[in-house]
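Peer 1: Build me a model from this:
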Amino acid sequence: MLKMLKLKRFGIHLFLLLILIFHIYNIRNELFNNKVEESWYLNAQNKFSSMIKSNESLNVESIVFDPELYALAGWLYIHGVPPSEFNFEHPPLAKFFIGFSEVLFQSPTSMNALFSLATLIVIYLISIKLFGKTVFALIPVYMLSLEKLFLSESRSSMLDIYSMFFISLSVLIFLYTIKNPKLFPILSIIVGLGIACKWESGLIIFAFIAFFLLEKDWRKLSYFIASLPLAFLVYTSSYITYFLNGHNFF
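Peer 2: Next comes the predicted model:
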């Protein structure tokens, strides 16, 4: 019986590995080949600098698509431009990840591809918590790996894959937090990272609060609310270059 159980777990892990390998095959260009010439960023940065000096209105948003806009924002942020001066409509953390990708891998999409892999693993761990170590735990992972929007986000320098990762990770930590309230600070930190990627990620807070209200677990609800300032602290920390440039909260 024990040998059959071990074989079953080995088979599940083998299928998970095959799903991840298949996902890597689908996004292989973004991981290994999607290089962008540094001159593109340098030219865009020079244009940005000249427009700032001449007090011209910056109309880059009207001549590029979102992936190119976020790629440029990531490049500028990594090179010291504060988030308030370019593409301030979204929080900066995801664009910092894109900027790191451009510096480390000479590609704006490599980090997106890696985060998509990490998201699949987190979804698998959530499935294990819900279904146990059965073949059913592989179904959500397999379905997500084939989802067209997920693949599109994995292949382009968009922001959603980062917020999706942190939302999924917060759900996973929440499932552990229900039994271990000591994890509430970690949960709030992860929520803060998600909000620092996209503000919409903060809506997950209301889902957690609703759970405690339905369960009438007032003690854990108070612990969670008490830990939320950590989320705000993490969120504001993503604007470090903004503060280093002499700006303040006001």
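
Peer 1: which secondary structure element contains residue 209?
Peer 2: Residue 209 belongs to helix 204-215 when assigned by DSSP states H and E.

Peer 1: what's next to that helix, contact-wise?
Peer 2: 167, 170-171, 174, 187, 191, 194, 218, 220-221, 224-225, 228, 231 (C-beta atoms under 8 Å, 6 or more residues apart in numbering). Glycine gets a C-beta too; all of them are placed from N, C-alpha and C.

Peer 1: Sitting in helices, which of the residues you listed do you find?
Peer 2: 167, 170-171, 174, 187, 191, 194, 218, 220-221, 224-225, 228, 231 (DSSP state H).

Peer 1: Using neighbour counts, trim the residues you listed to the buried set.
Peer 2: Among the ones in helices among the contacts of helix 204-215, the ones that count as buried by 16 or more other C-beta atoms under 10 Å are 167, 170, 171, 174, 187, 191, 194, 220, 221, 224, 228, 231.

Peer 1: Quick check: the second one touching residue 187?
Peer 2: Yes. Here residue 170 reaches residue 187: they are 6.1 Å apart, a contact under C-beta atoms under 8 Å.

Peer 1: anything in contact with each of those two?
Peer 2: Joint contacts of residue 170 and residue 187 (C-beta under 8 Å, 6+ apart) do not exist.

Peer 1: Count residues in the vicinity of residue 196, would you?
Peer 2: 26 (other C-beta atoms under 10 Å).

Peer 1: no no, residue 213
Peer 2: With other C-beta under 10 Å as criterion, residue 213 counts 11.

Peer 1: Tabulate the buried ones among the ones in helices among the contacts of helix 204-215 in a markdown table, adding columns for distance to residue 150.
Peer 2: Shown next, in a markdown table, are these (distance: C-beta to C-beta, whole Å):
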| residue | distance to residue 150 |
| --- | --- |
| 167 | 13 |
| 170 | 18 |
| 171 | 16 |
| 174 | 21 |
| 187 | 24 |
| 191 | 21 |
| 194 | 17 |
| 220 | 32 |
| 221 | 32 |
| 224 | 29 |
| 228 | 29 |
| 231 | 25 |
